[in-house]
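Colleague: Sequence plus predicted model, see below.
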Amino acid sequence: MARRLCKGFAKADFIACLHDFKASADIVTGVLGEATIRELDIGMTGSVIGLGDPDYETARGVWNRAIDRRPALIVRAGSTEDVARAVGFARSEGRPIAVRGGAHSLAGFSTCDDGIVIDLARLNDVQVDVKARRAFAGGGTRWRTFDAATQQHGLATTGGLVSSTGLGGLTLGGGFGHLVRQYGLACDNLRSAEVVTADGSILYASQSQHPELFWALRGGGGNFGVITRFEFALHRVGPVVLGGVIFYPGDQAEQVVIGWRDLLSDMPDELSTFVGLATAPAAPFIPEEWHNKKMVAVAGCWAGDPVVGDDAVRPLRSLGMPITDLLGPMPYLDLQQLFDPAWEAGFANYYTSAFLDRLPDEAVRSLADYHRGSADLPVQAELHIHHFGGAVARVPAGSTAFTDRGSPFLLNCAARTPEPADLPPHVAWARAARKALARYGKGETYVNFTGEGVPDNVRASYPPAIYARLQAVKDQYDPFNVFRLNINIPPTR
Ligand SMILES: Cc1cc2nc3c(=O)[nH]c(=O)nc-3n(C[C@H](O)[C@H](O)[C@H](O)COP(=O)(O)OP(=O)(O)OC[C@H]3O[C@@H](n4cnc5c(N)ncnc54)[C@H](O)[C@@H]3O)c2cc1C
């Protein structure tokens, strides 16, 4: 029997429901009292799903199939007040809280065993103020929904490369995508946030209100509260941009990556690119003789004047002998969803990353070696190098909590298998590749591309001064570390 504790639910039904709840959900029955559950129910616009609920198995699932946890309750929040109530409920019960936006946390932070998942998926309303070039989006909005709403007006802001990711997790950790060099990180475009803090208060953070909190939200992850509403700056983009991918043979990896790297110093900010060393899928857009063979993808987006763009992207077409060239005019919305099929839910995944200050030839050789030694399909073992600089580097270091604006490159080593049991050897491969390449940077990782949130890793994700300032904000807004299922910045006490 479904146990939705929502507003308007008849009292008798609710009590019956509670009994059913107790009978079918031992772990909850043992700890959660009727009165406290009733407290959670009062005035709630969303719903609560517990063990034994027919929706439970679906509701507990997250994008990464390597993560298999069983929360005590999943609160599908329907309003900011629901979120505040769920935070208070979890605290009073001493249960861990997992906050879920788009559910793409690699490390599995948007679920937990025996705790309370606050699922924000219903908070996905997007309102666009065309005149002010602002968008207001609920805390559980995914980029696909956000892009669709803003592109109706020919506007956009930097979002992720895969449209199913949530703007919550992505923005709070930094957030790069096809517009990153032109318009900065997603967090650079954040203008304000409505935040439910650990004590259940609802605050507004911006440059003028709770400015330290606002600073921390732009790179410090989900440590400081639940963001129920984001306000973003928007820019004129599209509707058609020059974007896509050029595929080269894997045995040309060194030549292609070195050639790409050499173009970057003169690359205009309107052009954001990255390279991916992977295996070609058996997809209709790849010539059949290249299916399941190693390849290098050079992907890019020119979101400026299309006439100038042709000249700007031309050198990307002659880095080797292309297998196929799919870079051309396309709707920005399509570009935003181009990589979705390769990253659907239902697989086991691991990512590990490093910011790189430089990419000398020897680093590229090492990259190519790891590519050569990577597993074949159906395992996806990929090495991506994303190029920053541009608008990212123009924001003064330390003016947001984002890790590293000075490093022009971000390496991501990704492993993905259909079955979770098959993942471990490929995790080892990804870690080894990261270790070999991380020496070309300061050792910092991107908090959004980390498969494990262990303390050493978290410290290594931030320069010491940023880490210390994040801790001070944590002390002020979450001194008991209520929000600890994240890339956790523990309070000092
Ligand atoms: C396939 C794939 C593609 C990706 N592509 C990119 C990319 O192009 N660019 C990029 O920068 N990153 C990318 N990432 C990394 C991505 O930014 C992180 O996985 C991010 O955590 C996803 O956010 P989410 O809301 O979907 O995840 P969730 O699992 O829901 O949340 C992740 C973390 O953020 C917190 N959180 C989420 N929403 C809120 C909120 N509203 N309030 C408070 N805390 C919140 C959660 O507590 C959790 O700790 C990608 C990841 C995947 C798996």
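Modeller: The structure has been received and is ready for your questions.
Colleague: Close to the ligand: what parts of this structure are there?
Modeller: Residues of the chain lying near the ligand by CB under 6 Å from any ligand atom: 63, 99-106, 109-110, 120, 139, 160-162, 165-166, 168-170, 172-177, 222, 226-227, 343, 448-449, 486. Quick note: C-beta positions are derived from backbone N, CA and C, even for glycine.
Colleague: These in helices, which ones?
Modeller: The helices, defined by DSSP state H, take in 168-170, 172-173 from the residues of the chain next to the ligand.
Colleague: Including pLDDT, could those residues go into JSON lines?
Modeller: Listed next are those as JSON lines, based on pLDDT from 0 to 100:
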{"residue": "168", "pLDDT": "98"}
{"residue": "169", "pLDDT": "98"}
{"residue": "170", "pLDDT": "98"}
{"residue": "172", "pLDDT": "98"}
{"residue": "173", "pLDDT": "97"}
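Colleague: Taking these together, which two end up most distant?
Modeller: Using CB to CB, these span at most 9.6 Å, a distance reached by 168 and 173.
Colleague: Who are the contact partners of residue 203?
Modeller: Contact analysis of residue 203 by CB atoms under 8 Å, 6 or more residues apart in numbering lists 194-195, 197, 209-210, 213, 225.
Colleague: Please check those and keep the buried ones.
Modeller: Listed as buried from the contacts of residue 203 are 194-195, 197, 210, 213, 225; burial here means 16 or more other CB atoms under 10 Å.
Colleague: Which of these sits closest to the ligand?
Modeller: Nearest to the ligand among the buried ones among the contacts of residue 203 is residue 225, at 6.6 Å by CB to the nearest ligand atom.
Colleague: Looks like that closest one contacts residue 202 (just checking).
Modeller: No. Counting by CB atoms under 8 Å, residue 202 is not a contact partner of residue 225; they are 9.3 Å apart.
Colleague: what sits in contact with each of these two?
Modeller: Listed as contacting both residue 225 and residue 202 by CB under 8 Å, 6+ apart are 195-196.
Colleague: can I get the contacts of residue 203 in JSON lines with secondary structure, distance to residue 233 and pLDDT?
Modeller: Converted to JSON lines, those look like this (DSSP: H, G, I helix; E, B strand; the rest coil; distance: CB to CB, whole Å; pLDDT from 0 to 100):
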{"residue": "194", "secondary structure": "strand", "distance to residue 233": "17", "pLDDT": "98"}
{"residue": "195", "secondary structure": "strand", "distance to residue 233": "19", "pLDDT": "98"}
{"residue": "197", "secondary structure": "coil", "distance to residue 233": "24", "pLDDT": "98"}
{"residue": "209", "secondary structure": "coil", "distance to residue 233": "17", "pLDDT": "98"}
{"residue": "210", "secondary structure": "coil", "distance to residue 233": "19", "pLDDT": "98"}
{"residue": "213", "secondary structure": "helix", "distance to residue 233": "19", "pLDDT": "98"}
{"residue": "225", "secondary structure": "coil", "distance to residue 233": "22", "pLDDT": "98"}
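Colleague: closest to residue 232 among these?
Modeller: residue 194 (13.0 Å).
Colleague: which non-adjacent residue is nearest that closest one?
Modeller: Among residues not flanking residue 194 along the chain, residue 229 sits closest, at 3.9 Å (CB to CB, 6 or more residues apart in numbering).
Colleague: So what's the gap between the helix or strand where the one you found lies and the chain middle?
Modeller: Assigned by DSSP states H and E, residue 229 belongs to strand 226-233. Strand 226-233 sits 15 Å away from the centroid of its parent chain (CA atoms, centre = their mean, to the nearest Å).
Colleague: now swap in stretch 233-246 and tell me
Modeller: 20 Å.
Colleague: can you check stretch 133-144 too?
Modeller: 14 Å.
Colleague: Break down the stretch 151-300 of the chain into its strands, ranges please.
Modeller: Ranges of strands in the stretch 151-300 of the chain, per DSSP state E, counting those that start in this stretch, are 155-156, 190-196, 202-206, 226-233, 235-236, 240-249, 271-279, 294-302.
Colleague: With the stretch 301-450 of the chain instead?
Modeller: Under the criterion DSSP E, counting those that start in this stretch, strands of the stretch 301-450 of the chain are mapped to 324-325, 328-331, 348-356, 380-387, 409-417.
Colleague: Residue 476 is nearest to which of those?
Modeller: Of those, nearest to residue 476 by CB to CB is strand 348-356, at 27.8 Å.
Colleague: Run the angle between the closest one and strand 380-387 for me.
Modeller: 30 degrees (axes from the mean of the first three to the mean of the last three CA atoms, to 10 degrees).
Colleague: and strand 348-356, what other elements does it pack with?
Modeller: Packing partners of strand 348-356 (3 or more CB pairs under 8 Å, 6 or more residues apart in numbering; DSSP states H and E): strand 409-417, helix 424-438.
Colleague: tell me the most buried of those?
Modeller: Mean neighbour count (mean count of other CB atoms under 10 Å) peaks for strand 409-417 among the helices and strands packed on strand 348-356, with a mean of 25.
Colleague: which residues sit against it?
Modeller: With CB under 8 Å, 6+ apart, strand 409-417 has contacts from 176, 347-359, 370, 378-388, 423, 426-427, 429-431, 433-434, 437-438, 441, 446, 449.
Colleague: Can you redo the helices and strands packed on strand 348-356 as TSV, where the extra columns are mean pLDDT?
Modeller: Output for the helices and strands packed on strand 348-356, formatted as TSV (pLDDT from 0 to 100):
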stretch	mean pLDDT
strand 409-417	97
helix 424-438	97
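Colleague: Minimum distance to residue 46: which of those has it?
Modeller: Per CB to CB, nearest to residue 46 of the helices and strands packed on strand 348-356: strand 409-417, 32.2 Å.
Colleague: In CSV, list the C-alpha atoms belonging to that closest one.
Modeller: The C-alpha coordinates for strand 409-417 follow below in CSV (Å, rounded to 0.1, in the frame of the first residue of the first chain):
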residue,chain,number,x,y,z
PHE,A,409,42.9,21.6,-18.1
LEU,A,410,40.7,19.2,-16.2
LEU,A,411,41.4,15.5,-16.7
ASN,A,412,38.6,13.0,-16.0
CYS,A,413,39.2,9.3,-16.0
ALA,A,414,35.9,7.4,-16.4
ALA,A,415,35.1,3.8,-16.1
ARG,A,416,31.7,2.3,-16.8
THR,A,417,30.5,-1.3,-16.9
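Colleague: related to what we said a few turns ago, buried subset of the contacts of strand 409-417, written for PyMOL?
Modeller: Per 16+ other CB under 10 Å, the buried members of those correspond to this PyMOL selection:
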select buried, resi 176+347+348+349+350+351+352+353+354+355+356+359+370+379+380+381+382+383+384+385+386+387+388+423+426+427+429+430+431+433+434+437+438+441+446+449
